[in-house]
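Enquirer: whatever this is, show me its structure:
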Amino acid sequence: MPSVWETPGCSNAASGLPSRNDARRIQPGRVEDPPGTSLRLLSYQNSMSTRWTSFTLALALSMPARADDRAVQWRQDLTALAAELKSVHPRFRDCGLTPAFKKRQTALGKRIGRLTDEQVLVEIQRLLASVGDGHTLMLPFGMKKGRLLHIPLMFWSFEEGLYVVDSPDHDLIGKRILRIGGIPAESVLSRLEPYVSHDNGEQVLWAAPLYATLTDFLAAVGATGDRGAAALTFDDGTGATIRAVPIDPALLREKLIAPKTAPAPLYLSRPEAPFWTAELSRDVLYVQVNAMSDGADETLAAFAISLRSRIPRFRAVILDLRLNNGGEASKADELLRTLIASDTQGAALAVLTSRMTFSAAQTFASRADQWTGALFVGQPTGSKPNHLGNERRFQLPNSGVRVTISSGLNQPVTARDDRMTITPDVLVPMKARDYFAGADPTLEAAIKALASRQP
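Expert: Residues are numbered from 1 along each chain as shown. As a prediction, the model looks like this:
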């Protein structure tokens, strides 16, 4: 059976890989193209397709509907979303929406009258996740219709299981969750996978714990019968019922925070800084880059250039990308040149990665992996070397739902790289016991491995 985006006769569109001479391939790492860029780059045929989808969208929005006819308005929004996907997304631009996607869209449209606004929102995210990439998704807040709820806790998936890493009730921090609403925690995360936009399994491991705090999604997978609360059972035999509240975007943290149970390890000590350095010893320089973006007082390019005069004083350099979930890949060009120069000059290099290494950081990691002899240490990356991204923002006209849609292919090195992730040379599992103790075995493993590489 074809996937939701496979279309017979459209092999390039189905794979998400433009043809070898596709003029619409855009530079990797652009977060969002300037308005009109896609129209300038589209061929005449696709320009006509765009005009047709614009006409379809205008026709859908002009359909007569009573002010209280919410079902009609939601269906108009689905039509608008489908038109935008067809116009923007690389898997649909050439060959149109697939029969599988249309079937999902039609089925959702027929069910809308039986669903609450919140249930429609959950199903829209499921529809977007079925497209098959990690950048095409719905923002779970800020809409005019419906209001999603969450429990104000932060979960994280470690090798030992799902844990509470932050909570207003400090006594809950550090507890392993056995069940959510009577369902084993690992089963809940598995059931949530179809609702999670993702490039690979590592991104599911990263994002599913966040969705497990959104009670409307828990209700969709049978983990709660009341969207107003979630019942948690912990491994120490205790339990808690957590009341849900409207989503506060500030509490939907996508990056791992410093532990509340111990002093922060180095890599979690300055997550707000886009880039910084520390001398671990007289011969090891630690460089952390948390975003492919400029700082308030210094550009990433200037920072990277400044490293070139410092690195020769050190035997080894450790570049930490574990908290880097993207930005603009082109801003990291000088950092890549610095890394290549250091490698050429004989410095021992290590690159630290995790499931949070994503998007523009994935692009950088893919190039560093191919163009340097750096040793990769940590956990597999949260994206694929060749991945869809360059997301465009779009707002559904009636509900105000905001979505992002991938608009291009990021191919950092070669089309032949079909890996689903970058698996580190030295794999270090992320364990709860290390995290809550403030330990960093990944950094320790990198230092040890680099020492063994010295002549």
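Enquirer: isn't residue 182 right next to residue 230, touching?
Expert: No. At 11.0 Å, residue 182 does not count as touching residue 230 under the criterion of C-beta atoms under 8 Å. Yep, even glycine has a C-beta here, placed from its N, CA and C like the rest.
Enquirer: list the residues that contact both of these two?
Expert: Overlap of the contact sets of residue 182 and residue 230 (by C-beta atoms under 8 Å, 6 or more residues apart in numbering) consists of residue 223.
Enquirer: if you count surrounding residues, which of these two has more?
Expert: Legend: neighbour count by other C-beta atoms under 10 Å for residue 182 and residue 230, higher for residue 230 (26 against 11).
Enquirer: measure the more buried one to residue 174 for me?
Expert: With distances taken as C-beta to C-beta, to the nearest Å, residue 230 is found 18 Å from residue 174.
Enquirer: ditto for residue 192
Expert: 23 Å.
Enquirer: more neighbours, these two?
Expert: Just comparing residue 192 and residue 174: by other C-beta under 10 Å the higher neighbour count belongs to residue 192, 23 against 19.
Enquirer: so that one sits in a helix?
Expert: Yes. When classified by DSSP: H, G, I helix; E, B strand; the rest coil, residue 192 is found to be part of a helix.
Enquirer: pretty sure it is touching residue 217, no?
Expert: Yes. Between residue 192 and residue 217 there is a contact at 6.3 Å, judged by C-beta under 8 Å.
Enquirer: and for those two, which residues touch both?
Expert: Overlap between the neighbourhoods of residue 192 and residue 217 consists of residue 211, taking contacts as C-beta under 8 Å, 6+ apart.
Enquirer: residue 269: how many residues sit nearby?
Expert: The number of residues packed around residue 269, counting by other C-beta under 10 Å, is 13.
Enquirer: hmm, I was thinking of residue 74
Expert: 26.
Enquirer: SS state for it?
Expert: Under the three-state scheme (three-state DSSP), the conformation of residue 74 reads as helix.
Enquirer: excluding its backbone neighbours, what's nearest it?
Expert: For residue 74, the nearest residue in space outside its immediate sequence neighbours is residue 112; the separation is 4.8 Å by C-beta to C-beta, 6 or more residues apart in numbering.
Enquirer: got the contact list for the one you found?
Expert: For residue 112, the contacting residues are 70-71, 74-75, 120, by C-beta under 8 Å, 6+ apart.
Enquirer: switch the cut-off to 7 Å
Expert: Taking C-beta atoms under 7 Å, 6 or more residues apart in numbering as the definition of contact, the neighbours of residue 112 are 71, 74-75, 120.
Enquirer: any chance of those residues in CSV, with pLDDT and distance to residue 136 too?
Expert: Formatted as CSV, the contacts of residue 112 follow (pLDDT from 0 to 100; distance: C-beta to C-beta, whole Å):
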residue, pLDDT, distance to residue 136
71, 95, 25
74, 97, 19
75, 97, 20
120, 98, 18
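Enquirer: what residue lies at the spatial centre of the chain?
Expert: residue 134 (5.3 Å; C-alpha atoms, centre = their mean).
Enquirer: wait, that one touches residue 384, no?
Expert: No. The pair residue 134 and residue 384 does not pass the contact test of C-beta atoms under 7 Å, sitting 8.9 Å apart.
Enquirer: got any residues that touch both of the two?
Expert: A shared contact of residue 134 and residue 384, defined by C-beta under 7 Å, 6+ apart, is any residue touching both; here these are residue 199.
Enquirer: three-state assignment of the residue nearest to the centre of the chain?
Expert: coil.
Enquirer: can you tell me the SS state at the nearest residue to it once chain neighbours are set aside?
Expert: Spatial nearest neighbour of residue 134, chain neighbours left out: residue 199 (4.1 Å); criterion: C-beta to C-beta, 6+ apart. In three-state terms, and counting by three-state DSSP, residue 199 is coil.
Enquirer: can you list phi and psi of residue 199 for me?
Expert: Backbone torsions for residue 199, taken as degrees, to the nearest 10, come to phi -90, psi -30.
Enquirer: which residues does it contact?
Expert: Contacts were defined as C-beta under 7 Å, 6+ apart; by that measure residue 199 touches 133-134, 383-384, 387.
Enquirer: out of those, who's the most crowded?
Expert: residue 383 (33 neighbours).
Enquirer: how many residues are close by the closest residue in space to that one that isn't next to it in sequence?
Expert: For residue 383, the nearest residue in space outside its immediate sequence neighbours is residue 362; the separation is 4.0 Å by C-beta to C-beta, 6+ apart. Per other C-beta under 10 Å, the neighbour tally for residue 362 reads 32.
Enquirer: and if you look at residue 296?
Expert: Other residues close to residue 296 by other C-beta under 10 Å number 6.
Enquirer: my guess is it is in a strand, correct?
Expert: No. Using three-state DSSP, the assignment for residue 296 is coil, not a strand.
Enquirer: how far away is it from residue 370?
Expert: Noted for residue 296: a distance of 32 Å to residue 370, by C-beta to C-beta.
Enquirer: same check, this time on residue 145
Expert: Using C-beta to C-beta, one obtains 46 Å as the distance from residue 145 to residue 370.
Enquirer: so for these two, which residue has more residues nearby?
Expert: Shown here are residue 145 and residue 370; by other C-beta under 10 Å, residue 145 has more neighbours (17 against 12).
Enquirer: skipping adjacent residues, who's closest to the more buried one in space?
Expert: Here the nearest residue to residue 145 in space, its sequence neighbours aside, is residue 399; by C-beta to C-beta, 6+ apart that works out to 3.9 Å.
Enquirer: count of neighbours near residue 415?
Expert: Under the criterion other C-beta under 10 Å, the count of neighbours that residue 415 has is 12.
Enquirer: buried residues, the helix or strand containing the residue nearest to residue 383. List them.
Expert: With elements delineated by DSSP states H and E, residue 362 resides in helix 360-371, which encompasses its position. Of the residues in helix 360-371, those buried under the neighbour-count criterion (16 or more other C-beta atoms under 10 Å) are 360-369.
Enquirer: same question for stretch 295-308.
Expert: Residues of stretch 295-308 classed as buried: 300-301, 303-304, 307 (neighbour count, 16+ other C-beta under 10 Å).
Enquirer: what's the answer for stretch 408-418, then?
Expert: Neighbour-count burial for stretch 408-418, with 16+ other C-beta under 10 Å as criterion, is recorded at 408-412.
Enquirer: check stretch 241-257 too.
Expert: Buried residues in stretch 241-257, counting neighbours by 16+ other C-beta under 10 Å, are found at 242, 244, 247, 256.
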